[in-house]
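Chemist: A predicted structure for the sequence below; I have some questions about it.
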Amino acid sequence: MFDKWTQYSYQAQKKQRYRILIYILIFFILYVVYNCITAFLFSIWVVDNTTMQSELNKGDRVVFTSFKPPWVKKEENPYIFKRGSVVLVDMRHYKNSKLPLRIIDGFVRFFTAQRLSIFSGEGQYHIKRVIALPGDEVSMNNYVFKVKAAGSQYELTEFELSEKSYHPTIPQNTELWDESIPFSGNMEKIVLGPNECFVVSDDRSNTNDSRTWGVIAPSTITSKAVLRIWPLNKIKSF
């Protein structure tokens with residue numbers, strides 16, 4: 001009986017409140033650390049479609065980073081990505097959302113490991129490959145892009161401008177497929193403006209990219225892929 005009433009004593013209640021405050025503080029610290037890491041350093045994303053085959057398959061887990069090494073001078077490259085980089089594109093216009101909603105969304109993403117978001121009905125993140133940067137001239141022939149980099153006199157293929165090799169999935173068109181059909185595999189030359197990038201899917205039969213969206217602002221590219229960590233037999237750096 002004495003032990004039973006001890007738990008309701010002032011000291012016992014004080015210790016109980018102290019433990020609850022400690023738990024809340026630990027949770028808050030973890031939440032802040034989590035958001036700092038995902039916003040400025042690293043985040044892990046699960047590929048949920050096949051638009052980046054053959055480079056990435058559905059179910060792959062990829063580490064992305066928003067961190068730009070301090071030794072990379074802004075004059076050399078003002079962005080965290082380059083031509084050929086695999087990047088995460090934010091088509092939700094998250095930065096324009098109201099602060100209370102962004103805070104709530106942070107909690108939702110924290111508890112679901114970024115699988116769910118309250119903004120999911122307003123668009124979503126997309127994994128794409130950067131083909132051209134601001135000021136570049138870009139065109140496409142038989143699903144392969146050619147780019148004349150800003151300030152350059154020469155037009156090169158997308159593969160020549162990428163630091164790492166990759167192999168997009170090129171669809172085979174039927175004999176009845178001609179230029180009058182949308183997305184036939186060719187695109188007239190366009191010149192990107194000073195705040196425009198061009199991103200595409202590696203599966204060129206999927207046109208859910210700049211071919212349908214149009215050019216995008218560099219600010220919508222939140223991070224770039226650095227490492228595929230799953231499946232274990234396909235670990236690869238980007």
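Modeler: Okay, I see it.
Chemist: From now on I want contacts and neighbour counts done on CA atoms only, so please keep to that.
Modeler: OK.
Chemist: check contacts around the spatially most central residue of the chain.
Modeler: Nearest residue to the geometric centre of the chain (C-alpha atoms, centre = their mean): residue 88, 1.3 Å. Contact partners of residue 88, counting by C-alpha atoms under 8 Å, 6 or more residues apart in numbering, are 64, 125-128, 221-225.
Chemist: from those residues, which is closest to residue 172?
Modeler: The shortest approach to residue 172 among the contacts of residue 88 belongs to residue 128, at 21.3 Å (C-alpha to C-alpha).
Chemist: Against which helices or strands is the strand or helix carrying that closest one packed?
Modeler: Assigned by DSSP states H and E, residue 128 falls within strand 125-132. Judged by 3 or more C-alpha pairs under 8 Å, 6 or more residues apart in numbering; DSSP states H and E, the packing partners of strand 125-132 are strand 86-90, strand 144-148, strand 198-200.
Chemist: Need the nearest residue in space to residue 63, chain neighbours excluded.
Modeler: With C-alpha to C-alpha, 6 or more residues apart in numbering as the criterion, residue 63 has its nearest non-adjacent residue at 4.5 Å, and that residue is residue 44.
Chemist: Look up how far residue 61 lies from that neighbour.
Modeler: 7 Å (C-alpha to C-alpha, to the nearest Å).
Chemist: just residue 146 next, same as before
Modeler: Distance, residue 146 to residue 61, using C-alpha to C-alpha: 30 Å.
Chemist: Over to residue 52?
Modeler: Distance from residue 52 to residue 61, counting by C-alpha to C-alpha: 13 Å.
Chemist: Same check on residue 26?
Modeler: Residue 26 is 28 Å from residue 61, by C-alpha to C-alpha.
Chemist: burial measure for residue 46, as a count.
Modeler: 17 (other C-alpha atoms under 10 Å).
Chemist: With adjacent residues omitted, what lies nearest to it?
Modeler: That would be residue 61: by C-alpha to C-alpha, 6+ apart, it lies 4.6 Å from residue 46.
Chemist: ok so, going back, please confirm that the residue nearest to residue 63 is located within a strand.
Modeler: Yes. Assessed by DSSP: H, G, I helix; E, B strand; the rest coil, residue 44 belongs to a strand.
Chemist: In this structure, where is pLDDT below threshold?
Modeler: 1-10, 34-40, 69-77, 92-107, 109-123, 173-184 (pLDDT under 70).
Chemist: need the longest helix for it.
Modeler: Determined from DSSP state H, the single longest helix within the chain is helix 10-36.
Chemist: hey, where'd the strands end up in this protein?
Modeler: Ranges of strands within the chain are 42-46, 61-65, 86-90, 125-132, 137-141, 144-148, 156-157, 187-191, 198-200, 221-230, 236-237, based on DSSP state E.
Chemist: out of those, which comes closest to residue 168?
Modeler: Evaluated over the strands of the chain, closeness to residue 168 peaks at strand 144-148, with 8.7 Å, by C-alpha to C-alpha.
Chemist: In terms of secondary structure, what does that closest one contact?
Modeler: Counting by 3+ C-alpha pairs under 8 Å, 6+ apart, strand 144-148 packs on strand 125-132, strand 137-141, strand 156-157.
Chemist: so what's the residue nearest to the residue nearest to the centre of the chain when sequence neighbours are not counted up against?
Modeler: What sits nearest to residue 88 in space, not counting adjacent residues and going by C-alpha to C-alpha, 6+ apart, is residue 127, at 4.7 Å. The contact partners of residue 127, taken as C-alpha under 8 Å, 6+ apart, are 47, 52, 86-89, 201.
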